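Participant: Prediction below, plus the sequence it came from.
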Amino acid sequence: MVVSAPAPDDGRKHTRSLSKQHVSSCRARLLELMQALNFGRIERLPVRAGEPVLDPLPTVVREVKFGGQNGARDEWALGDFALKAPVVELFKELDRLRDGLIDVLTVKHGLPFNMHVNLEAGAR
């Protein structure tokens, strides 16, 4: 899946306006899970043919920030919205990985922050 187009190099990162409606149902579900989580991590997330496998649901660990926003992101309830750069980068990584296991996907402000990939896990 191609998620961005080449852009002129003017020192800034560019992504084509890609929205939630343009991604597969599996990726949309992952996006919704991250938005509902807001802060925390998703553990042991299988990836098959570049798509996250959410059935059964992987382990989801919610981080509670005292005095902070602990509910779902506002975007969670929206049917469509433009994807932010970290989401586009995550989807590019899923395309590169193809088949494997994400040991930990860290989520901050409803967005992917970083991930740890088990390259030897293969299909599980």
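Facilitator: Looks like it arrived, so ask away.

Participant: so residue 86 sits right up against residue 113, yeah?
Facilitator: Yes: using Cβ atoms under 8 Å, residue 86 is in contact with residue 113, at 7.2 Å. Glycine gets a C-beta too; all of them are placed from N, C-alpha and C.

Participant: Give me the more crowded residue out of the two.
Facilitator: Taking neighbours as other Cβ atoms under 10 Å, residue 86 and residue 113 compare with residue 86 leading, 17 against 14.

Participant: Does the more buried one lie in a helix or a strand, and which?
Facilitator: Using DSSP states H and E, residue 86 sits within helix 85-97.

Participant: Check which helices and strands that helix sits against.
Facilitator: helix 25-37, strand 111-118 (3 or more Cβ pairs under 8 Å, 6 or more residues apart in numbering; DSSP states H and E).

Participant: who does the shortest one pair up with?
Facilitator: The strands that strand 111-118 pairs with in its sheet are strand 100-108 (antiparallel) (by DSSP bridges).

Participant: returning to what we had before: quick one, which of the helices and strands packed on helix 85-97 is packed in tightest?
Facilitator: Highest mean neighbour count of the helices and strands packed on helix 85-97: helix 25-37, a mean of 19 (counted as mean count of other Cβ atoms under 10 Å).

Participant: Packing partners of the helix or strand hosting residue 45?
Facilitator: Assigning secondary structure by DSSP H and E places residue 45 in strand 40-48. Applying 3+ Cβ pairs under 8 Å, 6+ apart, we find strand 40-48 packed against helix 25-37, strand 59-62, strand 100-108.

Participant: List of residues touching it?
Facilitator: Among residues not part of strand 40-48, those counted as contacts by Cβ atoms under 8 Å, 6 or more residues apart in numbering are 30, 33-34, 52-54, 58-63, 94, 97-107, 123-124.
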